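**Student:** I'll drop the sequence and a predicted model, then ask my questions.
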Amino acid sequence: MPDPLSLPPSVRSIPFHGQPAWQMALPTGDTVIVAEQGAQVLSWTTADGAERFFLSPRSLFDGHSAVRGGVPVCFPQFNQRGPLPKHGFARNLPWRLEGGEEGEQGATLRLLLEDSEATRRWWPEHAFAARLAVTLGAGTLRLELSVHNPGPTTWDFTAALHGYLHVDDIGGTRLDGLDGQARWDTVADVRDVQHGPVTFAGEYDSVFAAAPAPLQLHQAGGGRLSIAQSPEWGNTVVWNPGATLCAALPDMPADGYRQMLCVEAACIDEPVPMAPGARWSGWQQLQVL
Ligand SMILES: O=P(O)(O)OC[C@H]1O[C@@H](O)[C@H](O)[C@@H](O)[C@@H]1O
């Protein structure tokens, strides 16, 4: 018998859009909701009551389809760069709650996805453990993805923490901190270098070389968010579908693109090699300024 789960008092199990989820709430008023499916953070509210993530009201919530919003964990493949389903399978499968604790940094919830019959359909020779630690502090959310290879064969992966940040209006949103970074504009398929802040006027989909310092998101209404990622992530992806692509996405309202911006900590250009016994981890931290 496994030990009973030890969970801090800030955590409770809830249904969210009819699906199993956990909510953590701090005495400061900050809350986060994490779904069992995909270990996907679906809501983060700060003490002022502001929701910090976009969650599409047209998401399916059927227990397996990808949910558009919050922070999908893309693993073990980013996008369609490989033979697996788009963005891998981790976002479609139930993860197991391993536990949680309260510490100086806030309250943490830990979830686990291991290889199973379901994952071996796509990834037959791959024994793995992927863990997501969700740490909620005052005005801060930190997500850490850890990957372990407990098996006898070597494999590699690509991944992303695909956060859909809620923005007041994409037209008035600015992302600072990528000036001078190498960029692959995947809409135009052009490789160049970013000059100045990133602004948005139409479909935007770019893979950047990760910047050395945290990025800053500036909202049309004046709000600011710091977005930091650990050096293990070699890339940052910035995505907004714009009006035309958004209208073609069945799980998005036609104007949904106006309220979201994905800023993703990612490993894409260089797949992470995982020899038997290898461990890897990387985090992204969001902080309201
Ligand atoms: O619709 P999905 O599978 O959730 O993917 C959304 C987007 O995810 C982004 O990370 C990619 O850069 C885009 O190219 C992609 O369209």
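**Tutor:** Arrived safely.
**Student:** interface residues of the stretch 1-150 of the chain facing the ligand?
**Tutor:** Residues of the stretch 1-150 of the chain found near the ligand (C-beta under 6 Å from any ligand atom) are 66, 79, 86-87. C-betas here are computed from N, CA, C, even on glycine.
**Student:** for the one residue in the chain that gets nearest to the ligand, list the residues it contacts.
**Tutor:** Nearest residue of the chain to the ligand: residue 239, at 4.2 Å (C-beta to the nearest ligand atom). Residues near residue 239 by C-beta atoms under 8 Å, 6 or more residues apart in numbering: 204-206, 261-262, 264.
**Student:** among the residues you listed, which ones lie close to the ligand?
**Tutor:** 205, 262, 264.
**Student:** quick check: phi and psi on the residue lying closest to residue 10 once chain neighbours are set aside?
**Tutor:** Nearest residue to residue 10 in three dimensions, chain neighbours excluded: residue 107, at 4.6 Å (C-beta to C-beta, 6 or more residues apart in numbering). When quoted as degrees, to the nearest 10, the phi and psi of residue 107 stand at phi -110, psi 140.
**Student:** repeat that for residue 99.
**Tutor:** Residue torsions, per degrees, to the nearest 10, at residue 99 are phi 150, psi -170.
**Student:** over to the one 4 residues further on?
**Tutor:** Per-residue torsions, residue 103: phi -150, psi -170 (degrees, to the nearest 10).
**Student:** for it, give me its contacts.
**Tutor:** So residue 103 contacts nothing (C-beta under 8 Å, 6+ apart).
**Student:** and it, bridged to which residues?
**Tutor:** residue 106 (DSSP bridges).
**Student:** and residue 139, what is it in contact with?
**Tutor:** 30, 46-47, 287-288.
**Student:** and residue 144, by the same measure?
**Tutor:** 132-133, 135, 281-283.
**Student:** so it, which state does it fall into?
**Tutor:** Here residue 144 is recorded as strand under DSSP: H, G, I helix; E, B strand; the rest coil.
**Student:** skipping adjacent residues, who's closest to it in space?
**Tutor:** Using C-beta to C-beta, 6+ apart, the closest residue to residue 144 is residue 283 (3.9 Å).
**Student:** list the buried residues of stretch 204-213.
**Tutor:** 204-211 (16 or more other C-beta atoms under 10 Å).
**Student:** pull the CA atoms of that stretch into PDB?
**Tutor:** In PDB, the C-alpha atoms belonging to stretch 204-213 read as follows (Å, rounded to 0.1, in the frame of the first residue of the first chain):
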ATOM      1  CA  TYR A 204       2.700  35.700 -34.400                       C
ATOM      2  CA  ASP A 205       4.600  32.400 -33.900                       C
ATOM      3  CA  SER A 206       8.300  32.600 -33.100                       C
ATOM      4  CA  VAL A 207      10.900  30.400 -31.400                       C
ATOM      5  CA  PHE A 208      13.600  32.500 -29.700                       C
ATOM      6  CA  ALA A 209      16.900  31.600 -28.300                       C
ATOM      7  CA  ALA A 210      16.200  32.000 -24.500                       C
ATOM      8  CA  ALA A 211      17.200  35.400 -23.100                       C
ATOM      9  CA  PRO A 212      19.700  35.700 -20.200                       C
ATOM     10  CA  ALA A 213      17.300  37.800 -18.000                       C
END
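**Student:** what residues does it touch?
**Tutor:** Contacts of stretch 204-213 (C-beta under 8 Å, 6+ apart): 177-178, 181-187, 194, 198, 229, 231, 233-240, 242, 265-266, 268-269.
**Student:** narrow the residues you listed to those in strands?
**Tutor:** 182-185, 198, 229, 235-240, 265-266, 268-269 (DSSP state E).
**Student:** thought residue 276 was touching residue 148?
**Tutor:** No: contact between residue 276 and residue 148 fails when scored by C-beta atoms under 8 Å: they sit 10.4 Å apart.
**Student:** okay, the two: which has more neighbours?
**Tutor:** The neighbour comparison of residue 276 against residue 148 (other C-beta atoms under 10 Å) goes to residue 148, with 17 against 12.
**Student:** bridged to the more buried one, which residues?
**Tutor:** residue 129, residue 279.
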